[in-house]
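> coords below, sequence missing:
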């Protein structure tokens, strides 16, 4: 078994047999004492395991006491001399108490997560963790954003359920997957001429029925035309000078590729986006992507964007909006 496969299997098996509510403690124990944990807003950076337990894992465990971790995709690889494990899935739990001001439902919620962990000496030295809190607000009936253009609540496991292949991988397939994604990013997306979406030539990289699964506020869509109508066109109208690819990790694992940056994208907030007026200021975006390759084309893409952080940079507090909605509902 390769070192990458062994690292991935060890990560997966650490959670096996854990009782409901224990998964967060298991992840916390994987952290080195001085680990840096880059989390979503409103948590942001935690310096060291103790701070992560207090500010990140503690509130989650209190609000979601029977939380069960359900990995759909688990990847391992290297980038710029460092080793990584990445995961995408859902936390299934009873939403029993408020979380960062989000009112509990008392029932089942599915909280999407995306994680990239840098591994040193068998422990997590640095983490980048996304939770789709806007989707949790939606499930609680207090979404602070307009209805998504795409389909809400859609974040499926990969077609064929190949995201949890824990044994050895084909390094040639991994390299081919990474090469295709890098061609799409650096040879496609970066060719945008600020006038026509056709300038990026997305049809060269995607299957006809590609699935694009975006965060709450954007939603999921199908096919290049749907991707352009529901995400690319409104996004590039708002951020026409965006530059992405500033990655902390980017690697292939078989038919899958993951990347993340903290931030990954820089842009000018030049037009309306998700109901937020333009600030005309420079902003950054924390982003995580996972792609699945099918043959010579990309077939699926799971996307995390820390939307509350983007909006905060534009002077819009989505958590304050959410609290106002919750208060109005309770009145």
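Thanks, I have it. If you're wondering where the values come from, they're calculated on a predicted model, not measured in any experiment.

> quick check: residue 135 touching residue 112?
Yes - counting by C-beta atoms under 8 Å, residue 135 does reach residue 112; the two are 6.1 Å apart. No exception for glycine: its C-beta is placed from N, CA and C like everyone else's.

> got any residues that touch both of those two?
residue 215 (C-beta atoms under 8 Å, 6 or more residues apart in numbering).

> how about residue 194, secondary structure?
Assigned by DSSP: H, G, I helix; E, B strand; the rest coil, the conformation of residue 194 is coil.

> residues contacting it?
236, 240, 241.

> tell me the confidence at it?
Note for residue 194: predicted pLDDT of 90.

> other SSEs contacting the helix or strand hosting residue 324?
Assigned by DSSP states H and E, residue 324 belongs to helix 318-330. Under the contact definition 3 or more C-beta pairs under 8 Å, 6 or more residues apart in numbering; DSSP states H and E, helix 318-330 sits against helix 133-139, helix 307-313.

> nearest to residue 41, out of the ones you listed?
helix 307-313 (4.3 Å; C-beta to C-beta).

> what lies in contact with that closest one?
In contact with helix 307-313 (C-beta under 8 Å, 6+ apart) are residues 40-42, 133-134, 145, 215-217, 269, 274, 276, 279, 281, 283-286, 317-319.

> now do stretch 223-236
148-150, 192, 194, 197, 202-203, 206, 208-210, 212, 214, 218-219, 221, 242, 273-274.

> out of those residues, which are buried?
Among the contacts of stretch 223-236, the ones that count as buried by 16 or more other C-beta atoms under 10 Å are 148-150, 192, 197, 202, 206, 210, 212, 214, 218-219, 221, 242, 273-274.

> and residue 321, how far is that from residue 195?
34 Å (C-beta to C-beta, to the nearest Å).

> who has more neighbours out of these two?
Using other C-beta atoms under 10 Å as the criterion, residue 321 and residue 195 rank with residue 321 on top: 18 against 9.

> now do the phi/psi pair for the residue lying closest to the more buried one once chain neighbours are set aside.
Counting by C-beta to C-beta, 6 or more residues apart in numbering, residue 144 is the residue found nearest to residue 321 once chain neighbours are left out, at 3.5 Å. Per-residue torsions, residue 144: phi -90, psi 0 (degrees, to the nearest 10).

> the chain: helices as residue ranges?
Secondary structure of the chain, counting by DSSP state H: helices at 3-15, 23-30, 49-52, 58-63, 133-139, 171-186, 223-227, 233-238, 307-313, 318-330.

> what residues sit buried inside the first one?
This means helix 3-15. 4, 5, 7, 8, 11, 12, 15.

> surely the last one is in contact with residue 26?
The reference is to residue 15. Yes - assessed by C-beta under 8 Å, residue 15 is found in contact with residue 26 at 5.5 Å.

> show the contacting residues for residue 37.
Residue 37 touches 31, 45, 46, 51, 52, 56, 126, 127, 129, counting by C-beta under 8 Å, 6+ apart.

> as CSV, these with pLDDT would be great.
Shown next, in CSV, are the contacts of residue 37 (pLDDT from 0 to 100):
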residue, pLDDT
31, 98
45, 98
46, 98
51, 98
52, 98
56, 98
126, 98
127, 98
129, 98
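
> got the domain ranges for this protein?
Following automatic domain parsing, the chain resolves into domains at 3-139, 169-319.

> list the contacts for residue 122?
By C-beta under 8 Å, 6+ apart, the neighbours of residue 122 are residue 10.

> and the gap between it and residue 36?
17 Å.

> what's the local residue count around the closest residue to residue 297 other than its chain neighbours?
Using C-beta to C-beta, 6+ apart and skipping residues adjacent in sequence, the residue nearest residue 297 is residue 207, 4.7 Å away. Residue 207 sits with 18 neighbouring residues when counted by other C-beta under 10 Å.

> strands of the stretch 151-300 of the chain, start to end?
206-213, 220-222, 249-253, 256-268, 282-294, 297-305 (DSSP state E, counting those that start in this stretch).

> I'd like the distance from the third one to the chain centre, please.
Looking back up the chat, that one is strand 249-253. In this view, strand 249-253 has its centroid 15 Å away from the chain centroid, taken as C-alpha atoms, centre = their mean, to the nearest Å.

> again with the shortest one
With C-alpha atoms, centre = their mean as the basis, strand 220-222 stands 16 Å off its chain's centre.

> just to revisit the earlier point, drop anything exposed from the contacts of helix 307-313.
The buried subset of the contacts of helix 307-313 (16+ other C-beta under 10 Å) comprises 40-42, 133-134, 145, 215-217, 269, 274, 276, 283-286, 318-319.

> just checking, the residue nearest to residue 297 touches residue 294?
Yes - in terms of C-beta under 8 Å, residue 207 counts as a neighbour of residue 294; the distance is 5.9 Å.
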